[in-house]
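Engineer: mind folding the following:
(one chain, ligands or ions: 1)
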Amino acid sequence: MHLIRKFLTIFIFILNSIIIANEFSWPIDISKENHLITSTFGESRYDHFHAGIDISGDNLPIYPIQEGNILYLDFNSMHTHINRFPSGSGNQIWLDHNNGYWSGYFHLKKFFIPDKKFRISLNESFALTGNTGRSMGAHLHFFILQDYGRKIINPFQILSKEIDENPPIIEYLLFIIPDKENDHITIIVPEEENHIRLTQPRPIYLKVHDPGRIKNTKRMPYKIEYIFKNNKTLEQSSITFDYLENQEEGLKLNGKYKFNHIYHRNYLKLKTFDFTEGKNFITITAYDINQNKSTKKFILNIKKEY
Ligand SMILES: [Zn+2]
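Structural biologist: Below you'll find the predicted structure:
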């Protein structure tokens, strides 16, 4: 009996340390009015995924998401124009949280770490936000890696949610005929009949954004659901932005999809639907991380010429 109790105590102790080891906090207090999340995880950066979260502001003290050791530090404020690895990251610090999680902080202005000190504790501000590297205005870009760098995860998955009641905004669907100079695009507006002539099967793209807490930021929603329906087919699918996995062929969203599978430039690629002559219906629902959602219906009256 005594042994069992002893065993249980040790077990609970270990369980507690595991739970504590996986608690994380924001590097900057996002509940403050002027500390805005201006970019979310998984957004298109034209030819690659945005693999972290951006918080706007100059000279803001940055805290570690959890206590940790310095894994990498590259600071050369005399040469802020130099592009570092990863490209455009500027002055940077990476921390190792001793549980497979790493975190990284880019575009820094200044750091406060004394020589020969390697450990940063939870309530210790170690740097200030700035504008070094490729950055359009002072902000912190930070990211969280899991499994010793194998995955870049959506920080919203392990940090507290922001306070935001504004649902994403679904703008329109479109067909794109790619061109070196300017893509030729056909816009499909919601809630009314769109007459379309198709000369070959083409994928459908979506223009959508999430305004966040204030309405003038254009971020990516967390999840897109779509239902496609005509007199032959009913199909439903979704895209979420959970993690990017480092694989031989590069970063893949949720371990499966390369950038070109998900985006064309800044448009979200849905798929090449099996259209039939006449009316086809596409219903899009977009969610932000707080489950605020909006839905739009699109009617495509298709004339097939193939
Ligand atoms: Zn960023």
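
Engineer: which SSE is the residue in the stretch 1-150 of the chain that the ion sits nearest to in?
Structural biologist: With Cβ to the ion as the measure, His141 is the residue of the stretch 1-150 of the chain nearest to the ion, at 3.2 Å. For glycine as for every other residue, the C-beta is placed from the backbone atoms N, C-alpha and C. Assigned by DSSP states H and E, His141 belongs to strand 139-146.

Engineer: after that strand comes which helix or strand?
Structural biologist: Remark: after strand 139-146, the chain's next helix or strand is strand 151-153, criterion DSSP H and E.

Engineer: same question for that next one, mean pLDDT?
Structural biologist: Averaged across strand 151-153, pLDDT comes to 97.

Engineer: extract the C-alpha set from whatever helix or strand comes next after it and format it as PDB.
Structural biologist: Sequence-wise, the next helix or strand downstream of strand 151-153 (DSSP H and E) is strand 169-177. The C-alpha trace of strand 169-177 is given here as PDB (Å, rounded to 0.1, in the frame of the first residue of the first chain):
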ATOM      1  CA  ILE A 169     -14.400  38.100 -44.800                       C
ATOM      2  CA  ILE A 170     -15.000  35.900 -47.900                       C
ATOM      3  CA  GLU A 171     -14.500  38.200 -50.900                       C
ATOM      4  CA  TYR A 172     -14.900  36.200 -54.000                       C
ATOM      5  CA  LEU A 173     -14.000  33.100 -55.900                       C
ATOM      6  CA  LEU A 174     -12.000  33.200 -59.100                       C
ATOM      7  CA  PHE A 175     -10.500  31.400 -62.100                       C
ATOM      8  CA  ILE A 176      -7.000  32.200 -63.000                       C
ATOM      9  CA  ILE A 177      -5.300  31.900 -66.300                       C
END
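
Engineer: what's near enough to touch Tyr63?
Structural biologist: Counting by Cβ atoms under 8 Å, 6 or more residues apart in numbering, Tyr63 touches 25-28, 122-126.

Engineer: output the residues you listed as a markdown table; include the columns distance to the ion and secondary structure.
Structural biologist: A markdown table is the format used below for the contacts of Tyr63 (distance: Cβ to the ion, whole Å; DSSP: H, G, I helix; E, B strand; the rest coil):
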| residue | distance to the ion | secondary structure |
| --- | --- | --- |
| Ser25 | 19 | coil |
| Trp26 | 15 | coil |
| Pro27 | 13 | coil |
| Ile28 | 13 | coil |
| Leu122 | 23 | coil |
| Asn123 | 25 | coil |
| Glu124 | 23 | coil |
| Ser125 | 20 | coil |
| Phe126 | 19 | coil |
